[in-house]
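return a 3D structure for these sequence lines:
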Amino acid sequence: MSTATARLDLRLNARDKDRIAKAAALRGMAVSTFVRDAVLREADTAITANTITMLSEQESRRFLAALDQPFQPNDRLFKAMKDAANLIKR
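Now for the predicted structure:
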């Protein structure tokens, strides 16, 4: 078990603090544990929502079909790759 070394302070109005304390008591948890668990759960949800892309079945098929196609750069990308290769040669 690791020892907590960082703090997070927040200000609440009395009504919100009482609601949190009641919820923690109903779960049989200390307020700090209840708040930490709730905040970490919400953090995980936010991170997941911004790092995972869900595709529909149709989108998945189109994506996989595109991956199966040979790579063919467009003119702008081809020029950028050529310019980058020239920079490396210098």
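
and Thr33, how far is that from Asp16?
17 Å (C-beta to C-beta, to the nearest Å). C-beta coordinates here come from the backbone N, C-alpha and C atoms, glycine included.

Thr53 now?
35 Å.

of those two, which one has the most company?
More neighbours surround Asp16 than the other of Thr53 and Asp16, with 11 against 7 (other C-beta atoms under 10 Å).

which parts of the host helix or strand of that one are buried?
Applying DSSP states H and E as the criterion places Asp16 in helix 14-27. With burial defined by 16 or more other C-beta atoms under 10 Å, the residues of helix 14-27 counted as buried are Ala24.

quick check: next helix or strand after it?
Next element after helix 14-27 (DSSP H and E): helix 31-51.

one step back: ok, and what's touching the helix holding Asp16?
Leu12, Ala30, Val31, Thr33, Phe34, Val35 (C-beta atoms under 8 Å, 6 or more residues apart in numbering).

what's the burial count for the last one?
What it means is Val35. Count around Val35 with other C-beta under 10 Å applied: 18.

tell me the contacts of it?
Shown in contact with Val35 (C-beta under 8 Å, 6+ apart): Ile20, Ala24.

run the chain-centre distance for stretch 34-42.
16 Å (C-alpha atoms, centre = their mean, to the nearest Å).
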